[in-house]
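model this:
(chains A and B)
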There are 2 protein chains.
Amino acid sequence: MDQVNLEAYLRQQKDLIENEMETRLTELPIPDQLKASMLYSLQAGGKRIRPVLLLASFEAYGTAVEKTLSTAIALEMIHTYSLIHDDLPAMDDDDYRRGQLTNHKKFDEATAILAGDGLLTHSFALIANEPLLTDREKVELTGKIAVASGPLGMVAGQILDMQAENEDISVPLEQLEKIHELKTGELLKFAVYAGAYLGGATEEQLTHLTRFAHYLGLIFQVQDDILDITGIEEALGKPVGSDVNNNKSTYPKLLGLEGAIKQKEIYVEKALASLEQAGAIDSQLKALIDYISNRDH
Amino acid sequence: MDQVNLEAYLRQQKDLIENEMETRLTELPIPDQLKASMLYSLQAGGKRIRPVLLLASFEAYGTAVEKTLSTAIALEMIHTYSLIHDDLPAMDDDDYRRGQLTNHKKFDEATAILAGDGLLTHSFALIANEPLLTDREKVELTGKIAVASGPLGMVAGQILDMQAENEDISVPLEQLEKIHELKTGELLKFAVYAGAYLGGATEEQLTHLTRFAHYLGLIFQVQDDILDITGIEEALGKPVGSDVNNNKSTYPKLLGLEGAIKQKEIYVEKALASLEQAGAIDSQLKALIDYISNRDH
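Below is the predicted model:
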């Protein structure tokens, strides 16, 4: 798929997800301030990588994407809640994200905490109450997403990341990978798994796809670290060099910039091989490897 | 049931829940700091009203209580997460709860935010991964608990409560009831509903029980407000008169102390009538009305 087609595809999927997300949240009878705060962060843009991955993974095996939308939105809501809580003064203390005020700067800290709690909790209601899913599918997705985003997954990654920053020493590569796998990898893996599972992939295909998603998560992170050095501030929506200044462990710091780029290429090869084995090499997932590997923000 | 038996019953159920909760959390491979923080607040005591209600409601209709334990623990985890986040500096800014340091004072704010997020998220994993429940039961419970505790339930109650306090004027009784219903009532209702549902209550019994739980929630709140005036500091674990000092709307403030006591008695009558109609008047739920209505903390 050429660049033009990929961009058109991404735009289309992003629009689908954003419209659906806004519609479903707007119609809920939620107190005004809470709804405004939840919507503010959901509408703050971003690449929507997780739901787009979920849809692309579904389309590699199944048709009639409607049944995946609740899960895709739930996933983006969980990602958004994690950003809101991450930005709080007690955590990363960020005033801006993607060039916009963070939730607690736009509203206040209490509202931001509750908006995060609300998004997280409502994501489970979305899956449980989706009429297009069977009970089996709902249970499978709920269990997997709770483990991926909870104290065995993303929340664990956040606390380990925080501890690594506080320790003021660089962590070894192995530890760095572990943190990233928990903090971002588990939700990316869920995205790929959930789509393929709902699309009817076999157990064996799911195993290969989970490995594909593992490498995709690593590519995502290496590129994040590379962009922190080589990126353009306007595209990133945050200052270049902030990781360096925060004394964060990054791939370029551990391996050098050249070494990090080489490492990314190794991960790309492995991701492609896993995708081939999963029988999904002709899907949009292949284009998404390029996209994630070469993105400028 | 006389006072001695009720206390023995409560003690037994509380022990069952606390042991089970501790065992299940301790065995999870969670980063040390995060696990310590989650366990700290889970072990900080309290009446365990919600899981006890769930078990009592189950026993009014069913036997073999094992199948309810994951849901009972999930419910207590959600309650505990809400307390941790409620105590944060940006929210109620409390240093002590039940005579112990609050989570963010014992650990730090970032850890407390993540411990809350972790408890909330893991509660859904507990239900989804419980082998004693059918998929239908899991979906029913997950959907109900997410709605009860999310932006349509408890989280809505928290933001409305915060706004009422900030407005610096007393809210009318109707508004006060609405806030309490969302903030505490919905989870109490879930406790009663979930137990009876798993115990095999009929649709009609569930309807009456939901009304019973509604009044029980109101009794709970009136007594909370009364204790803020007449309570003993040691029993409460917080200063007497803190609601008055915080300019909170309370039943005694709106109705006078006598009026509040009278209102509580009206709610008790209604709770008893609903319990009778639900065919559960001979269960521990009856004793729990007395307990909640006359508790000293």
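
quick one: stretch A:18-35 near chain B?
Yes - against chain B, stretch A:18-35 shows contacts by C-beta under 8 Å from any C-beta of the partner chain at A:28, A:29, A:30, A:31, A:33, A:34, A:35. For glycine as for every other residue, the C-beta is placed from the backbone atoms N, C-alpha and C.

buried ones among the residues you listed?
Using 16 or more other C-beta atoms under 10 Å in any protein chain shown as the burial test, the residues of stretch A:18-35 next to chain B include A:28, A:30, A:31, A:33, A:34, A:35 as buried.

returning to what we had before: could the residues of stretch A:18-35 next to chain B go into CSV alongside secondary structure, distance to residue A:129 and pLDDT?
Putting the residues of stretch A:18-35 next to chain B into CSV (DSSP: H, G, I helix; E, B strand; the rest coil; distance: C-beta to C-beta, whole Å; pLDDT from 0 to 100) gives the following:
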residue, secondary structure, distance to residue A:129, pLDDT
A:28, coil, 12, 96
A:29, coil, 15, 96
A:30, coil, 15, 97
A:31, coil, 20, 97
A:33, helix, 24, 96
A:34, helix, 19, 98
A:35, helix, 18, 98
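
ok, residue A:116 - how many residues close by?
32 (other C-beta atoms under 10 Å in any protein chain shown).

any stretches of chain A with poor pLDDT?
Along chain A, segments meeting pLDDT under 70 span A:1-4, A:168-169, A:233-247.

which residues of it fall in strands?
For chain A, applying DSSP state E gives strands covering A:96-97, A:100-101.

let's have these in TSV, adding mean neighbour count and distance to residue A:220.
As requested, those are exported to TSV (neighbours: other C-beta atoms under 10 Å in any protein chain shown; distance: least, C-beta to C-beta, whole Å):
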stretch	mean neighbour count	distance to residue A:220
strand A:96-97	17	17
strand A:100-101	16	22
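
can I get those strands in CSV including distance to residue A:56?
Below are the strands of chain A laid out as CSV (distance: least, C-beta to C-beta, whole Å):
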stretch, distance to residue A:56
strand A:96-97, 25
strand A:100-101, 27
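
okay if I get the ones you listed as a markdown table plus distance to chain B?
Shown next, in a markdown table, are those (distance: least, C-beta to the nearest C-beta, whole Å):
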| stretch | distance to chain B |
| --- | --- |
| strand A:96-97 | 17 |
| strand A:100-101 | 16 |
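
tell me, how many residues neighbour residue A:108?
Neighbour tally, residue A:108, other C-beta under 10 Å: 15.

quick check: phi and psi on it?
phi -150, psi 170 (degrees, to the nearest 10).

correct me, but it touches residue B:91?
No - judged on C-beta atoms under 8 Å, residue A:108 makes no contact with residue B:91 at a distance of 10.4 Å.

residue contacts, residue A:28?
Going by C-beta atoms under 8 Å, 6 or more residues apart in numbering or on different chains, residue A:28 touches A:35, A:122, B:151, B:152.

how many neighbours does the third one have?
Around residue B:151 there are 30 other residues, counting by other C-beta under 10 Å.

can you pull the contacts of it?
Neighbour list for residue B:151: A:28, A:30, A:34, A:35, A:38, A:118, A:119, A:121, A:122 [criterion: C-beta under 8 Å, 6+ apart].

which pair in those residues spans the largest distance?
Spanning the widest gap among these are A:35 and A:121, at 14.1 Å by C-beta to C-beta.

sorry, back to before: now tabulate the contacts of residue A:28 in CSV and tack on distance to residue A:195.
Shown next, in CSV, are the contacts of residue A:28 (distance: C-beta to C-beta, whole Å):
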residue, distance to residue A:195
A:35, 29
A:122, 21
B:151, 26
B:152, 27
